[in-house]
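*Asks:* Here is a sequence with its predicted model. Questions after.
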Amino acid sequence: MELIDKIEAYWTGRAEGYSEVNQGELATNQRQKWTENLKKHLPKGEPEKIKVLDVGTGPGFFAILLAEAGYQVTAVDYTEEMLREARKNAGELAEQITWKQMDAQKLDFKDGTFEAVVSRNLTWNLEKPEKAYEEWMRVLKPGGKMFNYDANWYHHLFDKEKRKEYEEDRKRVENLQMEDHYTCTDIDAMEEIAREVPLSQIARPKWDLETLKALGYEKNAVEENVWKEVWSQEERANYQSTPMFLIISEK
């Protein structure tokens, strides 16, 4: 089986469970935290005139928040089952969002279509992440911005120190009697994929900044403490060894 097929199969099986995670976020103050963070970074002006692409929408969390805030939202995902969950989660907002099944590494949009591109927890899970960045920047209008929220997911499989920190996270979650976000999934299948994709082996966000610069984009920045603004207490306990960062690049 090709790697991309393994990834699709995993997320198809995970769609319902991951959708429940997003539903939990939508039902708590995570909804407001993420909305505020996205609006802080997105282009200023009337939201209804700003086209935003949500890449790897999964069960639709970002797409829902953005549509709710009035933006013109297009949401894409490679997995059909994820898009089905996303439409359900969006409810009445589903009709305001354009949903498309599409490969994040090969977007079917014309150059310069969007004012902004957003993504969360996707890049690390791609076979050709540099191609994804190339595509995301391609579909931006001049002056448009890309916002990628991600982390060094599964880097503990390749780094002894990170492995120790990861194991400390597991003990912390157990002691706090919280849900373990790793062991509640098909961890064997996910780790098998993580060993094959390139970014779980690379220290980031340095790689991201270097890649964007190599692609010809000079206006790049990173917010390494964005997790402090958007993560819940449960996420902080689960992922202390893997803090989320935000990559920003302007075309």
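*Replies:* Perfect, thanks for sending it. Numbers count the residues shown, from 1 in each chain.
*Asks:* residues in contact with the lengthiest strand in the chain?
*Replies:* As assigned by DSSP state E, the longest strand anywhere in the chain is strand 140-150. With C-beta atoms under 8 Å, 6 or more residues apart in numbering as the contact definition, strand 140-150 has outside contacts at 38, 41-43, 112-124, 133, 136-137, 204-205, 208, 226, 230, 244-251. Backbone N, C-alpha and C define where each C-beta goes, glycine included.
*Asks:* if you set the cut-off to 6 Å instead, what comes out?
*Replies:* 41, 112, 114-120, 123-124, 136, 244, 246-251 (C-beta atoms under 6 Å, 6 or more residues apart in numbering).
*Asks:* Same check on stretch 165-174?
*Replies:* His156, Asp180, Ala237, Asn238, Gln240, Ser241.
*Asks:* shaky segments in this structure?
*Replies:* For the chain, no stretch has pLDDT under 70.
*Asks:* Let me see the ranges of the helices in the stretch 101-250 of the chain.
*Replies:* 129-138, 160-175, 187-194, 206-214, 227-230, 233-238 (DSSP state H, counting those that start in this stretch).
*Asks:* Would you reformat those as TSV and include distance to Lys49?
*Replies:* Formatted as TSV, the helices of the stretch 101-250 of the chain follow (distance: least, C-beta to C-beta, whole Å):
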stretch	distance to Lys49
helix 129-138	21
helix 160-175	43
helix 187-194	39
helix 206-214	26
helix 227-230	26
helix 233-238	33
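*Asks:* List only buried entries from the contacts of strand 140-150.
*Replies:* Restricting the contacts of strand 140-150 to buried positions leaves 114-120, 123-124, 136, 244, 246-251, with burial counted as 16 or more other C-beta atoms under 10 Å.
*Asks:* Sort out for me which of the residues you listed are in strands.
*Replies:* Per DSSP E, the subset of the buried ones among the contacts of strand 140-150 in strands is Phe114, Glu115, Ala116, Val117, Val118, Ser119, Arg120, Leu246, Ile247, Ile248, Ser249, Glu250.
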